[in-house]
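Novice: Please work out how this folds:
(3 chains)
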Amino acid sequence: MDFKEKSIISIRDLNQESLREIIKVSSDVKKGKYKNFLRKKVIATLFFEPSTRTRLSFESAAKQMGAEVIGFAGADYTSVKKGETLGDTIRTVSGYCNVIVIRHPVEGSSRYASEVATVPVINAGDGANQHPTQTFLDLFTMSEYFSDFKNLRVGFLGDLKFGRTVHSLAYALSLFGSTIWLISPEILRMPEFLVDELRINGSSVREIDNLELVDEPLDVLYVTRIQKERFGDFQEYMRVAGSYRITRDVVESLGKDIKIMHPLPRVDEIDPEVDEMENAIYFHQAHNGIPVRQAILGMVLDVIP
Amino acid sequence: MDFKEKSIISIRDLNQESLREIIKVSSDVKKGKYKNFLRKKVIATLFFEPSTRTRLSFESAAKQMGAEVIGFAGADYTSVKKGETLGDTIRTVSGYCNVIVIRHPVEGSSRYASEVATVPVINAGDGANQHPTQTFLDLFTMSEYFSDFKNLRVGFLGDLKFGRTVHSLAYALSLFGSTIWLISPEILRMPEFLVDELRINGSSVREIDNLELVDEPLDVLYVTRIQKERFGDFQEYMRVAGSYRITRDVVESLGKDIKIMHPLPRVDEIDPEVDEMENAIYFHQAHNGIPVRQAILGMVLDVIP
Amino acid sequence: MDFKEKSIISIRDLNQESLREIIKVSSDVKKGKYKNFLRKKVIATLFFEPSTRTRLSFESAAKQMGAEVIGFAGADYTSVKKGETLGDTIRTVSGYCNVIVIRHPVEGSSRYASEVATVPVINAGDGANQHPTQTFLDLFTMSEYFSDFKNLRVGFLGDLKFGRTVHSLAYALSLFGSTIWLISPEILRMPEFLVDELRINGSSVREIDNLELVDEPLDVLYVTRIQKERFGDFQEYMRVAGSYRITRDVVESLGKDIKIMHPLPRVDEIDPEVDEMENAIYFHQAHNGIPVRQAILGMVLDVIP
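Specialist: Take a look at the predicted model:
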């Protein structure tokens, strides 16, 4: 796939080959193969919703490669308050920059933005829908430890119903045929049509409600947050949350090579004592946002050959 | 006029010659005649009120020419909350930058800021009063289509009572002797003293309440938003708003060469179907904020010869 | 002291020699001895609380020396809202930058941040506790007028109970053995353990409640704001505030060489008519934030020899 001037909206627009290409370029960027390749480019970061990690890593990524950044960190300080449509904001800002990075609470807003923009748009999260650069950095991080995704065994733990991160990453892994374990309380299971899709793409998928039921060694356990707002009954939440909390003991029970990942922010689903274990790679994962986002910006702006 | 180290506060501080000079330099900047001329300069953008367009275009303009930008996008995150006066904020920030761009809700605040600052101040909107760089980009945009402002026929449509944009632009055009049509509901007519001034400056001015009453071909129709808050009676608003809404049919009735302009943001006074017509130049107009603001920054900082 | 890769958290971590070194390097930086020394560095400014002066001067300081800046100007636009701990935010952002500048309302938060960060942390204010770079710029400003701190006579006026600025600066001066006058209403006196400490460090300290009781010429009068919230009784506040207000007459009564300093923002404790007097150096003091913060950034990043 040629990324030149393309918008990056959904993981579903990409195939295995494009994902391999993103991983390869990210790796080259991380090794320092390309220098200052975003010089003279202006990146607009339009965050209609709060974010620390995604916004700061996009901005640091861009600036380290010589780009200029304009934008905002919340809709309060924009003309949205005066009733301006998203389309008009995007059309206007298109004239001020070379690429737009957008986070917006409404599902589909990034796709719409890419249709009216005259520059490429990168989706940095549209509600519960998509956040493709998170998936890229998740895959890239896995690729640093495992060269063969086909034989990778990945467990997803926690809220598999609402988490866009899990949906996108599981989808991406299924394109490679990885083995996928879905571990969640009954009420937070992954929607059936998504599970079907993973299988159609070629993954072996198992759905269970308890980590102890995994009967083969996992390579990666991808943990997500369980939000108490999802439960009507607080007692039920407490019961469930406890059994999806990762402690040092749980990690040790999973074998010495297991990698623990998490998209962050975490609340209390991973005990801080796990942070010091070699298995914990979630901060390393977050830091990979820099080379991966540099790679994507370089590819859509056609400044990486 | 020598712009070196001068503050840009009100269109009324400028004459025809200075406006011609701004248009000329903007045109040179847009053609790429000057490169990187804001290098080593620090621009402070102090926005005490929300803005997308003006702030982002100033920041993109400055950064594209090599400047550094500091500032804030709303008064919440400043010492204003601690009771600091505007004067003290300006005096302090003067020591951190080479030029201050200020938007503030209070009329006259920019003039006051320019009196206490030790660096030039550019008014980016002081309440209902002035927003001179908007007028510069409006004039520059017109100059791209029409070389002779004296024979230009411009219609202003909508809220002519409260709109600072219209007041400033009409004033500027009157310095060139353009023909001006003022088209508004009775209760939103331009204040009489402003109309008198346009005539004294040499413009022929006609005031009407209906676009159909224009009896000569217009070159430009400058549309503005009618805010429903201006009307006590919602029925009256609905009746009026409808007849000041620009559709494809209205544009076609105005002749094939008419240019439709708007300062943006728009709400619904221009039908989105108009966007695709060649007559619609309002996004182009907004994008001209870049070269025009680069020109102004370069002139007051004396880095454009 | 070697500042390389060290965090700057509290004035209490420094001795007389380190303070002299900071003053010396700041002076060299101000004279233009080092150019562009922060090139290729990324500074994260994490302001969990509002600030104009400190944030903008750090950002301008960094950018003028070639650094890139990422960050936020208030906690609203961060993942803190989603329940992320400060530790996780710091661990994550560590991977995006070379140094973290943090302001946070909780006392001790900066120290904690420095313990989890993998890059140096500079405390830009942690609640009522510490704000060391303010003290550095205060000392540096004094050094521009007075070469010998041992024989310096400094009066501190206003709220000496709660003001972190006063506590830190008085402590720093006591390391040099300066003479210190503490002038405040009874209920806003400096905590006794702090006064004891100044004396143990070698300062002569006098505590009085009225500026007229100072019986020797002062070199510097350091004025601070008295917040009315500190008083239960508004009448009492009014009576007290009046006698701690600096006017032209008061300055003149203090001798022609007295320097009036203030950390800013001020409300009404210094009459604006004082601003024009040569004795008033508080805006000059604020502007010294630029070279001093450049010096500190350069020292902890080990790019100033």
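
Novice: And what about A:Asn36, helix, strand or coil?
Specialist: At A:Asn36, secondary structure determined by DSSP: H, G, I helix; E, B strand; the rest coil is coil.

Novice: contacting residues around it?
Specialist: By CB atoms under 8 Å, 6 or more residues apart in numbering or on different chains, the contact set of A:Asn36 is A:Met65, A:Gly66. From N, CA and C alone the C-beta is placed, and that goes for glycine too.

Novice: how about the helices in the stretch 101-250 of chain A?
Specialist: Assigned by DSSP state H, counting those that start in this stretch, the stretch 101-250 of chain A shows helices spanning A:109-116, A:132-145, A:164-176, A:192-201, A:234-243, A:248-253.

Novice: and the stretch 1-150 of chain A, which of its residues are near chain C?
Specialist: Where the stretch 1-150 of chain A comes near chain C, counting by CB under 8 Å from any CB of the partner chain, the residues are A:47, A:50-53, A:56-57, A:59-60, A:63-64, A:73-74.

Novice: now, which of the residues you listed lie within strands?
Specialist: Secondary structure defined by DSSP state E assigns A:Phe47 of the residues of the stretch 1-150 of chain A next to chain C to strands.

Novice: In TSV: the residues of the stretch 1-150 of chain A next to chain C, plus neighbour count and pLDDT.
Specialist: Converted to TSV, those look like this (neighbours: other CB atoms under 10 Å in any protein chain shown; pLDDT from 0 to 100):
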residue	neighbour count	pLDDT
A:Phe47	21	95
A:Pro50	20	83
A:Ser51	24	87
A:Thr52	26	84
A:Arg53	22	90
A:Leu56	27	96
A:Ser57	27	97
A:Glu59	25	98
A:Ser60	25	98
A:Lys63	19	98
A:Gln64	20	98
A:Ala73	26	89
A:Gly74	17	83
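
Novice: can you list the residues of the stretch 1-150 of chain A next to chain C in TSV and add distance to C:Gly298?
Specialist: Below are the residues of the stretch 1-150 of chain A next to chain C laid out as TSV (distance: CB to CB, whole Å):
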residue	distance to C:Gly298
A:Phe47	31
A:Pro50	33
A:Ser51	31
A:Thr52	27
A:Arg53	28
A:Leu56	23
A:Ser57	25
A:Glu59	23
A:Ser60	20
A:Lys63	19
A:Gln64	19
A:Ala73	28
A:Gly74	33
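
Novice: Chain B next: which of the residues of the stretch 1-150 of chain A next to chain C are close?
Specialist: With the criterion set as CB under 8 Å from any CB, the members of the residues of the stretch 1-150 of chain A next to chain C near chain B are A:Ala73.

Novice: ok, now which ones touch the residue in the stretch 1-150 of chain A positioned nearest to chain B?
Specialist: Proximity to chain B, evaluated over the stretch 1-150 of chain A using CB to the nearest CB, is greatest for A:Gly95 at 3.1 Å. Applying CB under 8 Å, 6+ apart, one finds that A:Gly95 lies in contact with A:Thr118, B:Phe283, B:Ala286, B:His287, B:Gly289, B:Ile290.

Novice: ok, now which ones touch the nearest residue to the first one once chain neighbours are set aside?
Specialist: The shortest distance from A:Thr118 to any residue other than its chain neighbours is 4.4 Å, reached at A:Ser94 (CB to CB, 6 or more residues apart in numbering or on different chains). Listed by CB under 8 Å, 6+ apart, the contact partners of A:Ser94 are A:Ile100, A:Val116, A:Ala117, A:Thr118, A:Val119.

Novice: what does A:Glu5 give?
Specialist: In this structure, A:Glu5 makes contact with A:Pro120, A:Val300, A:Asp302, judged by CB under 8 Å, 6+ apart.

Novice: repeat that for 6 Å
Specialist: Residues counted as contacts of A:Glu5 (CB atoms under 6 Å, 6 or more residues apart in numbering or on different chains) are A:Pro120.

Novice: Can you pull the phi/psi pair for it?
Specialist: According to degrees, to the nearest 10, the main-chain angles of A:Glu5 amount to phi 60, psi 10.

Novice: Is it possible to get a markdown table of the helices of the stretch 101-250 of chain A that adds mean pLDDT, mean neighbour count and distance to A:Gly32?
Specialist: Written out in a markdown table, the entries for the helices of the stretch 101-250 of chain A read as follows (pLDDT from 0 to 100; neighbours: other CB atoms under 10 Å in any protein chain shown; distance: least, CB to CB, whole Å):
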| stretch | mean pLDDT | mean neighbour count | distance to A:Gly32 |
| --- | --- | --- | --- |
| helix A:109-116 | 97 | 20 | 31 |
| helix A:132-145 | 98 | 23 | 15 |
| helix A:164-176 | 96 | 23 | 26 |
| helix A:192-201 | 97 | 14 | 34 |
| helix A:234-243 | 79 | 13 | 42 |
| helix A:248-253 | 96 | 15 | 33 |
